[in-house]
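> Turn this into a model:
(one chain, ligands or ions: 4)
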Amino acid sequence: MNPIDYLRISLIDRCNFQCVYCMPEGADLNYVLRELWLSHGEILSLLKGVFIPLGFTKFRLTGGEPLLRPGIVQLVDEISHLPETTDLALTTNAFKLEKLAKPLYDAGLRRINISLDSLQPETFEKIVGPPATRDLTSETASKYMRWQQVWQGIQMAHQVGFDPLKLNVVVIPGVNDHEILDLAALTLDRNWHVRFIEFMPIGNDALFTTRGWIDSETIRQQIRNRWGLEESSIRGNGPADVFKIPGAKGTLGFISQMSECFCDRCNRMRLSADGWLRPCLLNETGQLNLRDALRSGEAIETIRDRVGALVADKPEINFKMRESGTTGAYSRTMSQIGG
Ligand SMILES: Nc1nc2c(ncn2[C@@H]2O[C@H](COP(=O)(O)OP(=O)(O)OP(=O)(O)O)[C@@H](O)[C@H]2O)c(=O)[nH]1
Ligand SMILES: C[S@@+](CC[C@H](N)C(=O)[O-])C[C@H]1O[C@@H](n2cnc3c(N)ncnc32)[C@H](O)[C@@H]1O
Ligand code: SF4
Ligand code: SF4
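Ligands and ions are numbered 1, 2, ... in the order given. Just a heads-up that it's a prediction; the model follows:
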């Protein structure tokens with residue numbers, strides 16, 4: 001069993017995209033009220049008073065779309081400068097990254113993972129859903145411009161020096177699986193990490209039921225047939241199995257939570273924007289409401305003891321129902337949990 005030392009912090013449940021695999025239609029109507037978000041002060045109090053004393057040293061900021069969170073650069077600065085932080089990373093859709101990449105880097109962020117499910121603007125538009133009403137008048141929301149904006153964000157992150165730079169692709173049969181080789185080819189002459197993620201039945205059950213999912217080995221075989229594929233010695237903090245096209249500059253990762261089980265090497269918990277601590281992505285047991293605990297004046301030592309007990313219970317809670325691949329309908333979407 002790995003030590004549990006990695007916390008994924010969702011900063012906001014809102015998003016400027018509505019990816020078909022992540023947010024079912026209408027999910028935006030259930031956004032939590034802003035006053036229910038943990039404030040920066042509350043996040044820092046929990047890190048300093050609860051998580052760091054319990055041994056957490058790796059933090060990932062996610063969302064919804066974390067770049068929509070007001071004050072994100074300041075928060076990155078504060079978390080990256082905590083002496084105990086050994087790794088601070090961000091997962092984003094990159095739509096607002098072109099302007100923010102440099103300030104985030106200067107604030108101490110070094111690792112960034114970006115969702116990019118297609119290299120074809122038309123397919124990309126189908127995946128990320130209709131533009132939010134408030135964006136309709138802006139230039140960047142016009143047809144096919146959103147892909148360009150994301151691509152520029154990725155280029156800027158590369159120029160600024162983010163390393164590693166990881167691109168996440170959720171493969172949906174009949175939607176973007178025809179692009180597997182094109183996406184893999186990005187690694188041939190760039191030091192990027194392209195990761196293929198098996199579509200999970202959390203977020204949009206209906207789409208999962210109609211489309212199904214493609215297992216990582218089928219994707220690897222396509223790539224092997226074209227270029228060959230070798231196992232890479234590089235490992236991240238996460239669940240990806242890392243491979244490489246012989247001679248390529250970058251790597252290929254496979255996150256295979258449907259076809260394989262990596263729960264025995266799980267090192268993480270998740271904190272939602274409204275303060276729920278979740279011990280497992282795919283199992284809703286045991287969640288603690290840390291926002292209410294803080295706001296009701298519970299002593300930080302008591303909160304720490306309760307979180308410590310949950311960390312100890314985590315191996316019992318971890319996702320174990322591999323046969324069905326799901327524990328049933330989830331009450332929260334991926335955009336609310338943060339992936
Ligand atoms: N089932 C499961 N899936 C996970 C877990 N962690 C990450 N994933 C999946 O991998 C996707 C990409 O995660 P990222 O936010 O890029 O982070 P990561 O891959 O853990 O990060 P690295 O440390 O950079 O390897 C998530 O959205 C999930 O789909 C996990 O603990 N369990
Ligand atoms: C929920 S998003 C939050 C961060 C940011 N908005 C982004 O898209 O990178 C984090 C990750 O969850 C992944 N994800 C969302 N729904 C998923 C699903 N049903 N199955 C697998 N991965 C999913 C996305 O691809 C993304 O990499
Ligand atoms: S995957 Fe990320 S960008 Fe897409 S809807 Fe979910 S939170 Fe938003
Ligand atoms: S399914 Fe749960 S226990 Fe398994 S790796 Fe993901 S978060 Fe960890």
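> Any buried residues in stretch 75-85, and which?
Buried positions in stretch 75-85, judged by neighbour count with 16 or more other Cβ atoms under 10 Å: L75, V76, D77, E78, I79, S80, L82, T85. Where you see a C-beta, it was placed from the backbone N, CA and C, and this is true even at glycine.
> With stretch 150-158 instead?
So stretch 150-158, judged by 16+ other Cβ under 10 Å, has buried residues V150, W151, Q152, G153, I154, M156, A157, H158.
> Any chance of TSV for those residues, columns distance to R270 and pLDDT?
Below are these laid out as TSV (distance: Cβ to Cβ, whole Å; pLDDT from 0 to 100):
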residue	distance to R270	pLDDT
V150	25	98
W151	29	98
Q152	30	98
G153	25	98
I154	25	98
M156	28	98
A157	24	98
H158	28	98
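> can you list contacts of the helix or strand of the chain with the lowest mean pLDDT?
Across the helices and strands of the chain, mean pLDDT, DSSP states H and E gives its lowest value to helix 205-211, namely a mean of 86. Contact with helix 205-211 is made by V20, Y21, P24, I172, P173, G174, V175, F199, M200, P201, A329, as judged by Cβ atoms under 8 Å, 6 or more residues apart in numbering.
> Show the buried residues in those residues.
Buried, going by 16+ other Cβ under 10 Å: V20, Y21, P24, I172, V175, F199, M200, P201, out of those.
> Could you verify my assumption that the second one touches F199?
Yes. Contact status for Y21 versus F199: in contact at 5.7 Å, counting by Cβ atoms under 8 Å.
> what sits in contact with each of the two?
V170, I172, F208.
> quick check, L44 in a helix?
Yes. Inclusion of L44 in a helix is indicated when DSSP: H, G, I helix; E, B strand; the rest coil is applied.
> what kind of secondary structure is G174 in?
State at G174, reduced to three classes by three-state DSSP: coil.
> let me redo that: L29
Applying three-state DSSP: L29 is helix.
> What is the burial count for it?
Per other Cβ atoms under 10 Å, the neighbour tally for L29 reads 6.
> what are the C-alpha coordinates of the least confident helix or strand of the chain, in PDB please?
The C-alpha coordinates for helix 205-211 follow below in PDB (Å, rounded to 0.1, in the frame of the first residue of the first chain):
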ATOM      1  CA  ASP A 205     -23.800   7.800 -17.600                       C
ATOM      2  CA  ALA A 206     -26.000   8.100 -20.700                       C
ATOM      3  CA  LEU A 207     -23.100   8.700 -23.100                       C
ATOM      4  CA  PHE A 208     -21.100   5.900 -21.400                       C
ATOM      5  CA  THR A 209     -24.000   3.500 -21.900                       C
ATOM      6  CA  THR A 210     -24.500   4.400 -25.600                       C
ATOM      7  CA  ARG A 211     -20.800   4.700 -26.600                       C
END
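> After it, which helix or strand is next? Please name it.
Using DSSP states H and E, the next helix or strand after helix 205-211 towards the C-terminus is helix 216-227.
> Mind giving me the packing neighbours of that next one?
Secondary-structure packing of helix 216-227 (3 or more Cβ pairs under 8 Å, 6 or more residues apart in numbering; DSSP states H and E): helix 180-185, strand 193-198, strand 241-244, strand 251-255.
> got TSV for these, with mean pLDDT and mean neighbour count too?
Converted to TSV, the helices and strands packed on helix 216-227 look like this (pLDDT from 0 to 100; neighbours: other Cβ atoms under 10 Å):
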stretch	mean pLDDT	mean neighbour count
helix 180-185	98	18
strand 193-198	97	23
strand 241-244	96	19
strand 251-255	97	23
